[in-house]
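> here's a sequence, model it:
(one chain, ligands or ions: 1)
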Amino acid sequence: MRFTKSSLAALLVTTPLLAGPPTLVKAGRLLDVRTGVLLEQQGILIEEGKVKEVGPLASVSGRVPKDTTVIDLLARTVLPGLIDGHAHLLDAMNYRLRGWENLLTTVAGMSPGKRALLGASNAKETLLAGITTVRNVGHSGLNGDIALRDAVNDGWVPGPRIQASGRKLTPPGGQAMPNHSTFAGRIIDEEFRAIAGADDARRAVREALHEGADLIKVVLNDDPPRLSVEEVRAVVDEAHRGKIRVAAHAETQPAIQIGVEAGVDSIEHGDEATDAQLRAMKEKGIFLVATDLWHRAYPENVNRIFNFTPDEKAEGTKVIARYAAQAADRLKRARKLGVKIAAGSDNWFRVEGKTRGEATLVLVDALRDEGLSPIEVIRAMTCDAAELLGWSDRVGVLEPGRFADLIAVDGDPLRDVSELRRARFVMKGGEVVKAPW
Ligand SMILES: [Zn+2]
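Numbers count the residues shown, from 1 in each chain. Below you'll find the predicted structure:
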């Protein structure tokens, strides 16, 4: 056959790109995460990686094309793939060390190549646990998360869909570093983009956009805060002009205040948020990203670490208990005041005996124990997290036009939300990633 311009054009029109046979997923139960209703005997028809139709199995299966692949999940409960709203896939820190020690020592001990492979490994383990989308917010070296996102999208490595922030924008010296740590300059420069003044803040956002960032992460937490409202406002303004969002690391009251006044899109952590700040967040539509995993995971893991003395362990556990109580309280108040809540793991540790995905999903139990109902936990990890990402039209629900990202669990997650930690079946973009058979 000889190709001409017009025969090629005709081929392109008649042969849909990536058109494999359609897939029909037969779901014994399907959780509609918006309404919180478990629907029995549902069919999900998938074409070209996206949901084409959802409805009662009898009516959907009556209309499917002949060559359709059928996946039988009649014994299970199907729900949308999970979303981690605050991930650090290119980090695997050590519980023995403090934050800055981790950032310097662990990072310094890894070549950029090894770190990229660590990211690939964490991405795969995250996906296999049923997390089909993550928003990666820094700690990736020189834009390693952006490279990882592209590698996943190009099919080089398996992993979740990734929104990548690239380097965090910070005041001089990076985030959580000891004072005068000038020897750490190179690591700090690769890990962070220090900004100085509103003009430079705008420049930093433009650089991030050029480098391929999907969002901006800005660090407001040092005490007293060194970035001004004016600088953060410049970040927000420039990011919004570039059609991307701004996530602000803010735990303390002054940091949260700067973020809220500058109009960021999400407050990450928000531990010390006052009622007035939560009300302002509600008014402005600012998300609270509840990263409450480590309050739970830290004592669990630190108790297995041998080179802490009993006194150190006891002290650490006491401090964490205080943080945990504070976090639970702010989550309760945020919920009551109607603040939008999305779940984020903030998982940046290596946990012996658990994959990255398994360690991340301990977050489910943490949020449950802090008083969220099962459906609230599920929404914080599906439809509401999708809204945080600005991806409501792509992920977070199983409705026509969305990516066919879904998981299946054995039991009823509305009764026992820990079922989310035990996905038996995982599909991303219509492709089976993990199956019980
Ligand atoms: Zn974080």
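
> for the rest of this, base every contact and every neighbour count on C-alpha atoms.
Noted.

> what residues sit buried inside stretch 45-63?
Going by neighbour count (16 or more other CA atoms under 10 Å), the buried part of stretch 45-63 is 45-55, 57, 60-61.

> likewise for stretch 390-404?
Buried residues in stretch 390-404 (16+ other CA under 10 Å): 392, 394-404.

> returning to what we had before: secondary structure, distance to S121 and pLDDT added to the buried residues of stretch 45-63, as TSV?
As requested, those are arranged in TSV below (DSSP: H, G, I helix; E, B strand; the rest coil; distance: CA to CA, whole Å; pLDDT from 0 to 100):
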residue	secondary structure	distance to S121	pLDDT
L45	strand	31	98
I46	strand	28	98
E47	strand	29	97
E48	coil	27	96
G49	coil	24	97
K50	strand	26	98
V51	strand	28	98
K52	strand	32	97
E53	strand	33	97
V54	strand	33	98
G55	strand	36	97
L57	helix	37	97
V60	helix	38	96
S61	helix	37	94
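
> just give the number of residues close to the residue nearest to G371 when sequence neighbours are not counted.
What sits nearest to G371 in space, not counting adjacent residues and going by CA to CA, 6 or more residues apart in numbering, is K332, at 7.1 Å. The tally of other residues near K332 (other CA atoms under 10 Å) stands at 14.

> ditto for R186
Neighbours around R186, by other CA under 10 Å: 11.

> for it, pull up the helix or strand it's in.
Taking DSSP states H and E as the criterion, R186 maps to helix 185-191.

> how is this protein divided into domains?
13-81+397-434, 82-360 (automatic domain parsing).

> what mean pLDDT does stretch 334-353 have?
For stretch 334-353, the per-residue pLDDT values average out at 95.

> with just CA atoms, put it into CSV.
C-alpha atoms of stretch 334-353 as CSV (Å, rounded to 0.1, in the frame of the first residue of the first chain):
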residue,chain,number,x,y,z
ALA,A,334,-13.0,22.7,59.9
ARG,A,335,-15.7,20.1,59.2
LYS,A,336,-18.3,21.9,61.3
LEU,A,337,-17.5,25.2,59.6
GLY,A,338,-17.9,23.7,56.2
VAL,A,339,-14.3,24.0,55.0
LYS,A,340,-13.4,21.9,52.0
ILE,A,341,-11.3,19.0,53.1
ALA,A,342,-9.0,16.8,51.0
ALA,A,343,-6.8,14.0,52.3
GLY,A,344,-3.0,14.1,51.8
SER,A,345,-0.6,11.6,53.2
ASP,A,346,2.6,13.8,53.4
ASN,A,347,4.2,10.4,53.4
TRP,A,348,8.0,10.8,53.0
PHE,A,349,9.2,7.9,55.1
ARG,A,350,10.4,4.5,54.4
VAL,A,351,8.5,2.0,56.6
GLU,A,352,10.0,-1.4,57.0
GLY,A,353,7.6,-4.2,56.0
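
> so for it, what gets flagged as buried?
Buried residues in stretch 334-353 (16+ other CA under 10 Å): 334-335, 339-351.

> quick one: which of these sit in strands?
Among the buried residues of stretch 334-353, the members falling in strands (DSSP state E) are 341-343.

> with the residues you listed in mind, which one is nearest to P112?
A343 (29.1 Å; CA to CA).

> may I have the beta-bridge partners of the closest one?
Under DSSP bridges, the beta-bridge partners of A343 are A290.

> need the contact list for it.
83-86, 289-291, 377, 380-381, 385 (CA atoms under 8 Å, 6 or more residues apart in numbering).

> who touches whichever strand or helix holds E238?
Here E238 sits within helix 229-241, counting by DSSP H and E. By CA under 8 Å, 6+ apart, the residues outside helix 229-241 that reach it are 197-199, 201-202, 205-206, 215-216, 218, 245-246, 258-259, 261-264.

> and the residues you listed, which are buried?
198, 201-202, 205-206, 215-216, 218, 245-246, 258-259, 261-264.

> between those residues, which is closest to D150?
Checking those against D150 by CA to CA gives L215 as the nearest, at 14.9 Å.

> next, that closest one: phi, psi?
phi -160, psi 170 (degrees, to the nearest 10).

> cool, V409 as well?
phi -120, psi 160.

> tell me the helices in the stretch 151-300 of the chain, going along the chain?
Applying DSSP state H, counting those that start in this stretch to the stretch 151-300 of the chain gives helices spanning 185-191, 198-211, 229-241, 253-262, 275-284, 293-302.

> point out the other helices and strands that the fifth one packs with.
Here helix 275-284 touches helix 253-262, helix 310-336, going by 3 or more CA pairs under 8 Å, 6 or more residues apart in numbering; DSSP states H and E.

> most packed of those?
Using mean count of other CA atoms under 10 Å, the stretch among the helices and strands packed on helix 275-284 with the largest mean neighbour count is helix 253-262, at a mean of 22.

> now tell me what touches that one from outside.
Here helix 253-262 has contacts from 220-222, 224-225, 228-230, 232-233, 236, 248, 250, 267, 270, 272-274, 277, 280-281, 286, using CA under 8 Å, 6+ apart.

> now do stretch 73-84
Under CA under 8 Å, 6+ apart, the answer for stretch 73-84 is 25-33, 41, 130-135, 343-345, 381-382, 385-386, 395-398, 405-412, 426-428.

> can you check stretch 310-324 too?
271, 292, 295-296, 298-299, 302-303.

> where does the stretch 201-350 of the chain dip in pLDDT?
Within the stretch 201-350 of the chain, the stretches with pLDDT under 70 are 303, 305-306.

> now do the contacts for W391.
So W391 contacts nothing (CA under 8 Å, 6+ apart).

> V37: what's it in contact with?
Residues near V37 by CA under 8 Å, 6+ apart: L31.

> report the separation between it and V235.
40 Å (CA to CA, to the nearest Å).

> same thing with R206?
For R206, the distance to V235 (CA to CA) stands at 9 Å.

> could you export the domains of the chain as CSV, including distance to D369?
Formatted as CSV, those follow (distance: least, CA to CA, whole Å):
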stretch, distance to D369
domain 13-81+397-434, 11
domain 82-360, 9
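
> R368: which of those is closest?
domain 13-81+397-434 (7.7 Å).

> quick one on the thing from earlier: can you give me how far the helix holding E238 is from the chain middle?
Here the centre of helix 229-241 is set off from its chain's centre by 23 Å, with CA atoms, centre = their mean, to the nearest Å.
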